[in-house]
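Undergrad: After the sequence you'll find the predicted model.
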Amino acid sequence: MEKNDGRKTNVEHWDSAWKIPVRAKLPSLLNVDILNQVRLLKKFVYPNSRYLEIGCAPGKLLAYVASSLKADASGLDYSESGMESCKQLFDALHLKIPLYKADLFHHELEPGTYDVVTSFGLIEHFDDPRHAVNRHVELVRPGGVVLIAIPNYSGIWGKIQKWCDSSNLSLHNLKIMSPDNLKMLVDERLRANCKAYYYGSVSSWLLSLRKKMPGFLAILIHLVINFLGLIQPLEINKLAPMLVLEIRKG
């Protein structure tokens, strides 16, 4: 499936994005983005949980789930370079994590077999993400949970990103970036079993600051805001860097 299915990106975009060196180590919880993701997952992922991450490249979060949360983890991604980054990372960390190179809409994974199905920054790249949400739900078992997280460009972060890099922002479906609109992506029969909410401590890593300022200044700003996120005592919805759609499959 290519651009005519309503995608705002294509496989060439992601192949280019993941042609970057990946450090052969687990992600650091000193990065507030990683900390936010891990805090979310710890609520749902337990040892031996069958876990699937859709759009798993470059593999950092998947490696953490397998090694630290001790889940039976697998990953799905359609980017060739993304898959290669995952394999190199897992080999370096001596992790045996099944990887499936396939499109979300064309794969051979067995429906209804996973305890937790996740994606981070995927469905917002579709003009109409409802079909993508349904494919997540199809893969989770009855009683399992789907966690779909997207960047929160609905408020101040969107305004800053538009100033920094409007072309990147255009790759995101801004219309879905509210809890109410996220819930409307879920099949009506499951809507009573879903929640949508702002999530996470403040983070500026979703901003392309280097597009507008010298690299050293961008990094300094990122690090200062990252530190503030690490010590932030309470979440503030208007500053949350993520939106989460949580679906319980009855």
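TA: All right, it came through fine. Residues are numbered from 1 along each chain as shown.

Undergrad: what secondary structure does Leu41 sit in?
TA: helix (DSSP: H, G, I helix; E, B strand; the rest coil).

Undergrad: Give me the below-cutoff pLDDT ranges for this structure.
TA: Within the chain, the ranges that satisfy pLDDT under 70 run 1-4.

Undergrad: any idea how far the top helix by length along it is from the chain center?
TA: If you go by DSSP state H, the chain has its longest helix at helix 215-231. Remark: helix 215-231 is offset 21 Å from the chain centroid, using CA atoms, centre = their mean, to the nearest Å.

Undergrad: same question, stretch 176-194
TA: 18 Å.

Undergrad: in this protein, which spans are strands?
TA: Under the criterion DSSP state E, the chain carries strands at the ranges 50-54, 72-77, 99-101, 114-120, 140-151, 194-199, 242-248.

Undergrad: Let me have those in CSV, adding mean neighbour count and distance to Ile231 as columns.
TA: The C-beta positions use only the backbone N, C-alpha and C, and glycine is treated the same way. Formatted as CSV, the strands of the chain follow (neighbours: other CB atoms under 10 Å; distance: least, CB to CB, whole Å):
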stretch, mean neighbour count, distance to Ile231
strand 50-54, 24, 28
strand 72-77, 24, 30
strand 99-101, 16, 36
strand 114-120, 24, 23
strand 140-151, 20, 22
strand 194-199, 18, 18
strand 242-248, 22, 18
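
Undergrad: Using CSV, lay out those together with distance to Ile176.
TA: Shown next, in CSV, are those (distance: least, CB to CB, whole Å):
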stretch, distance to Ile176
strand 50-54, 17
strand 72-77, 21
strand 99-101, 26
strand 114-120, 13
strand 140-151, 7
strand 194-199, 10
strand 242-248, 8
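
Undergrad: Out of those, flag the one nearest Glu108.
TA: Glu108 lies closest to strand 99-101 among those, at 7.8 Å (CB to CB).

Undergrad: now for that closest one, which elements pack on it?
TA: Applying 3 or more CB pairs under 8 Å, 6 or more residues apart in numbering; DSSP states H and E, one finds that strand 99-101 makes contact with strand 72-77, helix 80-93.

Undergrad: Deepest-packed of these, please.
TA: For these, average neighbour numbers computed from mean count of other CB atoms under 10 Å are highest in strand 72-77, which has a mean of 24.

Undergrad: Listing partners with orientation, what would you give for that strand?
TA: Applying DSSP bridges, strand 72-77 is found paired with strand 50-54 (parallel), strand 99-101 (parallel).

Undergrad: who touches the shortest one?
TA: The list of residues contacting strand 99-101 from outside it, by CB atoms under 8 Å, 6 or more residues apart in numbering, reads 56, 74-78, 80, 83, 86-87, 90, 107-109.

Undergrad: from those, which single one is nearest Leu147?
TA: Checking the contacts of strand 99-101 against Leu147 with CB to CB, the nearest one is Cys56 at 13.6 Å.

Undergrad: residues contacting the residue lying closest to that closest one once chain neighbours are set aside?
TA: Excluding the flanking residues, the one nearest Cys56 by CB to CB, 6 or more residues apart in numbering is Gly75, at 3.2 Å. Applying CB under 8 Å, 6+ apart, we find Gly75 in contact with 52-53, 56-57, 59, 62, 86, 97-100.

Undergrad: again, only this time at 7 Å
TA: By CB atoms under 7 Å, 6 or more residues apart in numbering, the residues touching Gly75 are 53, 56, 59, 62, 86, 97, 99.

Undergrad: With Lys87 instead?
TA: Lys87 sits next to Leu99 when contact means CB under 7 Å, 6+ apart.

Undergrad: how close does it sit to Ala24?
TA: Distance, Lys87 to Ala24, by CB to CB, to the nearest Å: 12 Å.
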